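> Here you go, sequence then predicted model.
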Amino acid sequence: MHRCMLSLARQSSRWSRSHSTLAENASGDPRWFGWQVVVGIEAHAQIKSRKKLFSDSWTNDPPQPPSTRVSAFDASFPGTLPRLNSTCVALGVRTALALNSNVQRRSTFDRKHYFYKDLPAGYQITQHYAPISLGGYLMLANCMRKVGIKQIQLEQDTGKSTFDVHLGKSSIDLNRAGTALLEIVSDPDMSSPEEAGEYVRTLQAVLRSVAASDGNMEQGSLRCDVNVSINKKGEPAGTRCEIKNLNSVKNMQVAIASEVFRHIEILTSGQEVKQETRGFDEEKAETFSLRSKEDAPDYRYMPDPNIPPLLLTESYIDKIRSSMPELPDATRERLLAQGLSAQDTGVLMTADAGREVGMDGTFGQGGVVAYFDAVSEGRDPKIVVNWIVQVLFGQLAARSQTFTENQIMAAQLGSLIDMVQSGVITGSSGKLILRLMLDNPSSKTPEELAKEHSLIALDKGDSSMEAWCREVIGSNPEVADAIRAGNVNVVNKLVGRVMKKSRGTADALSVRKLLLEIIAAKGA
Ligand SMILES: Nc1ncnc2c1ncn2[C@@H]1O[C@H](COP(=O)(O)OP(=O)(O)OP(=O)(O)O)[C@@H](O)[C@H]1O
Ligand SMILES: [Mg+2]
Ligand SMILES: [Mg+2]
């Protein structure tokens, strides 16, 4: 990545040097003075369903040995027929509604033909002529932009082929073949790499909130093709190039910027941009040609004769509409209204790993926001978010675990927080109990653990607390003298020693107070 950024910086400075005259009448982005950038994104989201789009085969989650999750239909055996998975349709409709798109009462499936080793049928089933949903938009909060959605279509994923250079052999894995995808096609409404990045992140959050997809670019459950063109202000849109196979938001942004610089160089040297499909070389931070428009395959789209039109009733769509979960914009507003900082809200929402979907498309538990909601029920949200973000996330990170591995139940964390708030245990004992719960997950209550480990906070009047204070004063007479002479701050040295003796069960403020009382009484 470092190299990518360097290379971009190089290109950027080269450009601004050679075109400094344009800078004076600059319009828009200083990185490409005088030019307008247009970006449209085709996102392919893998639908989080346990079965494939047209077969009864399980999907490959968690990943299984190659070609063990494949039915005769996915392997394209003669005589097999597709049967549409209703969960995938429900999740498609849910996504469409979340993107303010118009769900079509009638949609159809088509065959898109091309020959590739990971596509046994020689065609992919998609919705070319009549997609499940048309129109819509996504609001980007930071850059204040409304990005239009052109359409959303249901389609099949392909298998995977890998090439072993040492053996000189290609291998095909059909586990992914036939898995359901949603292709979400945006309008060309974005005008910078950053806006494209925000679009993808916002889309990820929406997909996760409706539990339609994990939307993870690195793991391939969200794959984006970006279309980029440039033009001068007031002139018609330029010729677009489509960049495929981008595996992170960061790479996507670098690819767009490098593509913009490439178009500028072509246009300023008097040539024309050719419409192309391009790949992205991460090492060089550059795009490269895959095929030109002339070489584009003729997909010979035709209606799939084996799949009848998908007819959705208004009441079916309404039922899904009325069971829609809270969408990210609404969640953010709700958390902010509860007094959480923008930063904590962002952390909770970013960590919200998505929810499990049942076979019927119903939601289970699992997301960070749902966890926060459960713990903060009847408690101060700001205190709860602090425990989750600072303490729990910190401890999980120290164990290289993610939130999905968190074994502390919301009820356990809730009573732990109550115990600290009411002074039954000290804050440091609370953190210790949380660590114990992570190390040895069990259904034990924090109270039981506190008793088991003798962590119940000591009263100021507790005899052992007074004994420890006297002991510490006795062995540090010079500190006691300094305090009597007016240097009260050094009492903290003694507080630390008493806390150590109490193994954190004493409350620091009470210890401080008691120490000062004893020292003053002695001095009198
Ligand atoms: N001038 C342009 N500059 C940048 N992007 C554009 C421009 N015109 C259209 N686009 C974007 O290009 C994408 C076109 O996607 P679409 O699925 O409609 O067609 P396709 O790329 O030709 O087909 P395929 O699905 O086979 O890749 C859309 O996201 C659209 O917003
Ligand atoms: Mg497309
Ligand atoms: Mg395309």
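Arrived safely. Ligands and ions are numbered 1, 2, ... in the order given.

> pLDDT of the helix ranked longest in the chain, averaged?
Longest helix in the chain, counting residues (DSSP state H): helix 249-268. Helix 249-268 carries an average pLDDT of 97.

> What are the buried residues along that helix?
249-264, 266-267 (16 or more other Cβ atoms under 10 Å). C-beta coordinates here come from the backbone N, C-alpha and C atoms, glycine included.

> so what's E259 closest to, chain neighbours aside?
V228 (4.5 Å; Cβ to Cβ, 6 or more residues apart in numbering).

> Next secondary structure after the helix or strand hosting that neighbour?
In this structure, V228 sits in strand 222-232 according to DSSP states H and E. Next along the chain after strand 222-232, taking DSSP H and E as the criterion, comes strand 241-246.

> Pairing partners for that next one, with directions?
strand 222-232 (antiparallel), strand 276-281 (parallel) (DSSP bridges).

> so where do the strands sit in the stretch 1-150 of the chain?
Ranges of strands within the stretch 1-150 of the chain are 35-46, 102-103, 106-107, 110-113, 123-126, 133-134, 137-140, 145-156, based on DSSP state E, counting those that start in this stretch.

> Ligand 1: which of those strands is closest?
Closest approach to ligand 1 among the strands of the stretch 1-150 of the chain is made by strand 35-46 (2.2 Å; Cβ to the nearest ligand atom).

> any idea how far ligand 1 is from the residue nearest the centre of the chain?
Centroid-nearest residue in the chain: T350, 5.5 Å away (criterion: Cα atoms, centre = their mean). Per Cβ to the nearest ligand atom, to the nearest Å, T350 is found 26 Å from ligand 1.

> Quick check: the gap between that residue and T202.
Taking Cβ to Cβ, to the nearest Å as the measure, T350 falls 12 Å from T202.

> what does S289 give?
Applying Cβ to Cβ to S289 and T202 gives a distance of 31 Å.

> Looking at those two, which has the bigger crowd around it?
T202 (18 against 12; other Cβ atoms under 10 Å).

> what's the helix or strand for the more buried one?
Per DSSP H and E: helix 193-209 holds T202.

> so which helix or strand takes in the nearest residue to Q407 once chain neighbours are set aside?
Counting by Cβ to Cβ, 6+ apart, P441 is the residue found nearest to Q407 once chain neighbours are left out, at 3.5 Å. P441 belongs to no helix or strand when assigned by DSSP H and E.

> My understanding was that P441 contacts N406; is that so?
No - the criterion here is Cβ atoms under 8 Å, and P441 misses it with N406 at 9.2 Å.

> Between those two, which has more neighbouring residues?
N406 (20 against 14).

> so how many other residues sit close to P131?
25.

> quick one: the closest residue to it other than its chain neighbours and R111, what's the gap?
Leaving aside its chain neighbours, P131 sits nearest to Q153 (3.9 Å; criterion: Cβ to Cβ, 6+ apart). Look at Q153 and R111: by Cβ to Cβ, they are 13 Å apart.

> what sits in contact with each of the two?
T126 (Cβ atoms under 8 Å, 6 or more residues apart in numbering).

> if you count what's nearby, which of the two comes out ahead?
Counted by other Cβ under 10 Å, Q153 and R111 do not tie: Q153 has more neighbours, with 23 against 20.

> Tell me how far Q275 lies from K232.
For Q275, the distance to K232 - Cβ to Cβ - is 19 Å.

> Find me the pLDDT at the residue nearest to P131, would you?
Looking at Q153, the pLDDT reads 98.

> so what's it bridging to?
Bridge pairing for Q153 - DSSP bridges - gives E183.

> ok, now the one 10 residues further on?
Under the criterion DSSP bridges, F163 forms beta bridges with S170.

> Next, count neighbours for it.
Quick note: F163 (other Cβ under 10 Å) scores 9 neighbours.

> show me what contacts it?
K169, S170, S171.

> For those, give me TSV that also has pLDDT, distance to ligand 3 and neighbour count.
Output for these, formatted as TSV (pLDDT from 0 to 100; distance: Cβ to the ion, whole Å; neighbours: other Cβ atoms under 10 Å):
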residue	pLDDT	distance to ligand 3	neighbour count
K169	92	31	9
S170	92	25	11
S171	95	27	13
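
> from the residues you listed, which is closest to A467?
S171 (72.1 Å; Cβ to Cβ).

> right, and the closest one touches K117 too?
No - in this structure, S171 is not within contact of K117 by Cβ under 8 Å, at 9.6 Å.

> Could you name every residue contacting both of these two?
By Cβ under 8 Å, 6+ apart, the residues touching both S171 and K117 are S161.

> My guess is T179 contacts W58. True?
No - T179 is beyond contact range of W58, at 10.0 Å (criterion: Cβ under 8 Å).

> who's more crowded, those two?
Using other Cβ under 10 Å, the more surrounded residue of T179 and W58 is T179, with 25 against 16.

> in what helix or strand does the residue in the stretch 251-400 of the chain positioned nearest to ligand 1 lie?
Closest to ligand 1 within the stretch 251-400 of the chain is Y299: 7.1 Å, counting by Cβ to the nearest ligand atom. Secondary structure assignment for Y299, by DSSP H and E: no helix or strand.

> one step back: was I right about the residue nearest to P131 contacting L182?
Yes - contact criterion Cβ under 8 Å: Q153 and L182 qualify, at 7.3 Å.

> Please identify the residues of the chain in proximity to ligand 1?
38-42, 185-188, 227-229, 237, 240, 242 (Cβ under 6 Å from any ligand atom).

> how about a cut-off of 5 Å?
When proximity is defined as Cβ under 5 Å from any ligand atom, the chain approaches ligand 1 at V38, G40, E42, V185, S186, D187, P188, N227, S229, A237, R240.

> For PyMOL, write the select line for the buried members of the residues you listed.
Selecting only the buried entries of those in PyMOL, with 16+ other Cβ under 10 Å as the criterion:
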select buried, resi 38+40+42+185+186+187+188+227+229+240
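
> now, which of the residues of the chain next to ligand 1 sits nearest ligand 1?
G40 (2.2 Å).

> List just the nearest of the residues of the chain next to ligand 1 to ligand 3.
Comparing those against ligand 3 with Cβ to the ion places E42 closest, at 4.7 Å.

> Provide the partner residues of that closest one in its beta bridges.
V185, D225.

> and L81, how many neighbours?
9.

> P131 versus that one, what's the distance?
Going from L81 to P131 by Cβ to Cβ gives 22 Å.

> can you check S400 too?
For S400, the distance to P131 - Cβ to Cβ - is 42 Å.

> And for D164?
38 Å.

> got the contact list for the closest residue to T445 other than its chain neighbours?
Take T445 and drop its neighbours on the chain: the residue closest to it by Cβ to Cβ, 6+ apart is S415, 6.2 Å away. Under the criterion of Cβ under 8 Å, 6+ apart, the neighbours of S415 are T445, P446, E447.

> For S415, what are phi and psi?
Here is the backbone geometry of S415 (degrees, to the nearest 10): phi -70, psi -30.

> Any figure for the gap between it and V490?
38 Å.

> got it, and R223?
If you measure R223 against V490 using Cβ to Cβ, the figure is 62 Å.

> between those two, who's got more neighbours?
It is R223, of R223 and V490, that has more neighbours when counted by other Cβ under 10 Å, with 18 against 15.

> For the nearest residue to the more buried one once chain neighbours are set aside, give me its contacts.
Distances taken as Cβ to Cβ, 6+ apart put H44 closest to R223, at 4.5 Å, once the chain neighbours are dropped. H44 is in contact with E155, D157, L181, L182, E183, I184, L222, R223, C224, D225, counting by Cβ under 8 Å, 6+ apart.

> from what I can see the fourth one touches K48, true?
In this case it means L182. No - using Cβ under 8 Å, L182 is not in contact with K48; the gap is 10.5 Å.

> Name the residues contacting each of the two.
L91, A212, S213.

> and which of these is nearest ligand 3?
Nearest to ligand 3 out of these is S213 (Cβ to the ion; 19.0 Å).

> For the closest one, what are phi and psi?
Backbone geometry at S213, expressed as degrees, to the nearest 10, gives phi -160, psi 150.

> Lovely, talk soon.
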